[in-house]
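**Q** Below: sequence and its predicted model.
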Amino acid sequence: MPIRGVLFDVDDTLFDYSGSEQTGILAHLRHTGLLDRLPSPQAALTLWRTVTQTHYARFLAGELTFRAQQHERTRHFLTHLGEDDARHLTDEQTAAWFAGYAAHRDAAQAAFPDAAPTLAALAPHYRLGVVSNSDADHQRRKLHTVGLLDHVADALICSDQHGEAKPAPGIFHAGCAALGLAPDEVAYVGDNYTLDAEGAHHAGLHAFWLDRTACDTPVAEGIHVLHSLDALAGALAARAT
């Protein structure tokens, strides 16, 4: 069956989330005078990402709303920094602190340089969409800001609305249904090997792992490796021959 559609992950696939996150949290900590509470900027970034992973997993599991995980991340992070009574901050207080971080982060929002050219090149030949472990409104705004939304707006499936997260097969199948295609007619491209590549492969899609760091991790049979989105069009064409 020829590939007729392509679904993408968003963060660290189309959108440089890690870059904007790093810029945002370090700028906010400098602005609030908290950066010196940690041994180095790298230690601050590592702590923020560890806390984020903990509470974002709770959001994906349905334990917290998207906004609630932001509140919990803030309380947890500030507690580690030794802020008095951080665990007892109100939602309004944590929202204000998180908004300061988000303002710095959002000022640094950017798509990867290969994202827009790739989507533009694929659009005449494939149906395009997104499957993301996130909040749909949040991802829609983000993609609009960086100029990518028009390419994928007709098939934007996020875990908050679907009710389950990658690597569950159902969310990949929901993306395929939004494209009007069967799983074996759809490729999926993402940077997370377990959630994206293995998840899509087990769901019956053509799985492409975007390994931008070229770490050359061994991959399972049936999973294709890309080091840049620039190589995607050729890789899809090769699958058709």
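**A** Noted; the coordinates are in hand. Numbers count the residues shown, from 1 in each chain.
**Q** now the longest helix belonging to the chain: mean pLDDT?
**A** Using DSSP state H to define each element, the chain has its longest helix at helix 41-60. Mean pLDDT, taken over the full extent of helix 41-60, equals 97.
**Q** So what's the residue count around the residue nearest to L34 when sequence neighbours are not counted?
**A** Closest residue in space to L34, ignoring its immediate chain neighbours: L81 at 5.8 Å, by Cβ to Cβ, 6 or more residues apart in numbering. For the C-beta atoms, the positions are set from N, CA and C on the backbone; glycine is no exception. Applying other Cβ atoms under 10 Å, we find 15 residues neighbouring L81.
**Q** wait, doesn't L81 sit right on L35?
**A** No - L81 is beyond contact range of L35, at 9.7 Å (criterion: Cβ atoms under 8 Å).
**Q** Just list the residues touching the residue nearest to L34, thanks.
**A** L34, R37, L38 (Cβ atoms under 8 Å, 6 or more residues apart in numbering).
**Q** After the longest helix of the chain, which helix or strand is next?
**A** Of the helices and strands lying after helix 41-60 in sequence (DSSP states H and E), the nearest is helix 66-80.
**Q** and that next one, what's its mean pLDDT?
**A** What helix 66-80 shows for mean pLDDT is 96.
**Q** Now do the helix or strand that comes right after it and helix 41-60, the angle between them.
**A** The element immediately downstream of helix 66-80 (helix or strand, assigned by DSSP H and E) is helix 91-107. Inter-element angle recorded for helix 91-107 and helix 41-60: 120 degrees (by axes from the mean of the first three to the mean of the last three Cα atoms, to 10 degrees).
**Q** Would you mind listing the buried residues in the longest helix of the chain?
**A** Buried residues in helix 41-60, defined by neighbour count with 16 or more other Cβ atoms under 10 Å: A44, L45, L47, W48, V51, T52, H55, Y56, F59, L60.
**Q** Quick check: mean pLDDT of stretch 3-20?
**A** Across stretch 3-20, pLDDT averages out at 97.
**Q** in that stretch, what counts as buried?
**A** So, applying 16+ other Cβ under 10 Å, buried residues of stretch 3-20: 3-17, 20.
**Q** Of the residues you listed, which pair is most distant in space?
**A** Maximum pairwise distance in those, criterion Cβ to Cβ, is 32.5 Å, between R4 and S20.
**Q** Give me the helices and strands touching the longest helix of the chain, please.
**A** Where contact means 3 or more Cβ pairs under 8 Å, 6 or more residues apart in numbering; DSSP states H and E, helix 41-60 is packed against helix 17-32, helix 66-80.
**Q** and the angle from it to helix 17-32?
**A** 120 degrees.
**Q** Now tell me what touches helix 41-60 from outside.
**A** So helix 41-60 is in contact with 21-22, 25-26, 29, 35, 38, 64-66, 68-69, 72-73, 76-77, 80, 133, 159, 165, going by Cβ under 8 Å, 6+ apart.
**Q** pLDDT below threshold where in this protein?
**A** 240-241 (pLDDT under 70).
**Q** Need the distance between the two termini of stretch 54-65.
**A** The first residue of stretch 54-65 is 14 Å away from its last residue (Cα to Cα, to the nearest Å).
**Q** now the nearest residue to E185 once chain neighbours are set aside: how far from P117?
**A** Among residues not flanking E185 along the chain, R4 sits closest, at 4.6 Å (Cβ to Cβ, 6+ apart). Distance, R4 to P117, by Cβ to Cβ, to the nearest Å: 21 Å.
**Q** how deep is A197 tucked in, by neighbour count?
**A** There are 28 residues near A197, going by other Cβ under 10 Å.
**Q** For the closest residue to it other than its chain neighbours, the count of nearby residues, please.
**A** Using Cβ to Cβ, 6+ apart and skipping residues adjacent in sequence, the residue nearest A197 is W209, 3.8 Å away. When neighbours are counted by other Cβ under 10 Å, W209 registers 24.
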